[in-house]
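**Student:** Next input, structure requested:
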Amino acid sequence: MIGADLPPVQPLRPLPLRPHHVPAPRPRADDEATAEIRRAHGPTALALVAEDRAPLPLPRERALVLGTSAAADLRLADPACSGRHARISSDGGGWIIEDLGSTNGTYVDGVRVRQAWLRPNTSLRLGRWRGRVVAPNAEGQGEDAALPAGMLGRSPAFRRLLAELRRFAPLPTTVLLKGPTGSGKELAAGALHELSPRGRGPFVAINCGALPEALCASELFGHVRGAFTGAMRAHEGAFVRARGGTLFLDEVGELALPLQATLLRVLETRRVIPVGGEQEIAVDLRVVAATHRPIDRWIADGRFREDLYHRLGILTVDLPALSERRGDVPLLLERFAATIEGELGRPVILTDEAIAAADRFPWPGNVRQLRNALLRAAAAGDGPITAAELLPAQTTRHGGGAGTLAIPRGTYAQMTHALLAQVIREAGSIRKAAKLLEVPRSTLGAWVRRRGGGHPREAAVE
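**Tutor:** Numbers count the residues shown, from 1 in each chain. Sure thing, here's the model as predicted:
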């Protein structure tokens, strides 16, 4: 009823201020990738490390803005960076990096992102500036613990390899590493050494395949003065030099049969006799051997001793090919680019298309081929490296005529798109490719859009 007494108006209660909240990474956009890096629960603190400054702890109570502006919390002296390039902030449980509309992009582990979770061993690139997120105390952080020197990866295959190396490292037993050429067997051997109780001792690596047969025994076991013509002084062999540490015998399958017999005796007795000598020398060391040869077949053919194989292969680790390490290529390219920058004395930048194409390429020469390809492309040009400059020619001759196209395996749509993209790349344009394929230009463009979801011009640089 109008004019009736109304209850008194209650005063408004002030709303509590909510802590700063960072939204979860947005879904992938059509024109830019978003890294889906899961938040890690392990480390309680993270720090940002760059070559030009001391480690900077990441604060939880406020955001950290990176850029060239004088108002930035972390000022970057890189003309390729924007004034307010990116922001790192905490949601209370982890840290997120967010691109602030920069011109040259924010890259996490080699992938351009808008937002991404950060965790230990994450690499960052803003413009040409590079940094890395680390845990100040990485020990005991499980899968995010500090990686052994030189090793890098996050794929399931890499994590399985790393777990196996960590499991075998504390043991005194001989380990045999098996894997294709260029897959990082020496790095794996170094990891076994670094993570072992002998990590403070010497690590001696010998490539058995590179030694002349006449000098192999001397290099492995040493020789005394006058043992042979030209032996003007005594020489300590690799077994003696590696005492207290680890001896890595790479390409052990290349050893001649007489040397295989001597090696077996040394492994069993832990004593060596230098060439031309009579006195035995006790050696306390761990032996890690490696080969890319089909040892089982070589044993059947009489080219490798079965008893030596059983002595070397008490513990065996199979290294994955790079084609099995899905998603690791961008990380490796990021690290190699930083190293090559130091060698060449100038920035090494890859286009997004080059990184994506490299991640799809099979790389039969594995990590070694990937690094050499980047070094070759960086040395040959000054601008951002394109896919055509980075990837080796994919024309092969598999007995089916000249110029056969090789494409990476995948779904039907992926393989079809890769095939069309390569034809366009080699032709140089959509128009020329359409002429080679004897189809209208509009038809080829429609094929590319339907199979790959992108503009046909993009196919020329994928």
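**Student:** So which residue is smack in the middle of the protein?
**Tutor:** The centroid of the chain falls nearest to Leu332 when counting by Cα atoms, centre = their mean (3.5 Å).
**Student:** any weak-confidence spans in the stretch 151-300 of the chain?
**Tutor:** Applying pLDDT under 70 to the stretch 151-300 of the chain flags no residue at all.
**Student:** Go again with 80.
**Tutor:** Counting by pLDDT under 80, the low-confidence segments of the stretch 151-300 of the chain come to 214, 226-232.
**Student:** Repeat that for the stretch 1-150 of the chain.
**Tutor:** By pLDDT under 80, the weakly predicted segments of the stretch 1-150 of the chain are 1-44, 51-54, 92-93, 136-147.
**Student:** what ranges do the strands span in it?
**Tutor:** Counting by DSSP state E, counting those that start in this stretch, one finds strands in the stretch 1-150 of the chain at the ranges 47-50, 53-57, 64-67, 74-75, 86-90, 95-99, 106-108, 111-113, 115-118, 122-126, 129-134.
**Student:** Tell me which of the ones you listed is the most buried.
**Tutor:** Highest mean neighbour count of the strands of the stretch 1-150 of the chain: strand 106-108, a mean of 26 (counted as mean count of other Cβ atoms under 10 Å). Every C-beta, even on glycine, is put in place using the N, C-alpha and C of the backbone.
**Student:** Mind giving me the packing neighbours of it?
**Tutor:** Helices and strands touching strand 106-108, as assessed by 3 or more Cβ pairs under 8 Å, 6 or more residues apart in numbering; DSSP states H and E, comprise strand 95-99, strand 111-113, strand 122-126.
**Student:** one step back: and the strands of the stretch 1-150 of the chain as JSON lines, adding distance to Val423?
**Tutor:** As requested, the strands of the stretch 1-150 of the chain are exported to JSON lines (distance: least, Cβ to Cβ, whole Å):
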{"stretch": "strand 47-50", "distance to Val423": "42"}
{"stretch": "strand 53-57", "distance to Val423": "47"}
{"stretch": "strand 64-67", "distance to Val423": "42"}
{"stretch": "strand 74-75", "distance to Val423": "46"}
{"stretch": "strand 86-90", "distance to Val423": "38"}
{"stretch": "strand 95-99", "distance to Val423": "34"}
{"stretch": "strand 106-108", "distance to Val423": "30"}
{"stretch": "strand 111-113", "distance to Val423": "26"}
{"stretch": "strand 115-118", "distance to Val423": "34"}
{"stretch": "strand 122-126", "distance to Val423": "32"}
{"stretch": "strand 129-134", "distance to Val423": "36"}
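**Student:** out of those strands, which comes closest to Gln422?
**Tutor:** Evaluated over the strands of the stretch 1-150 of the chain, closeness to Gln422 peaks at strand 111-113, with 22.6 Å, by Cβ to Cβ.
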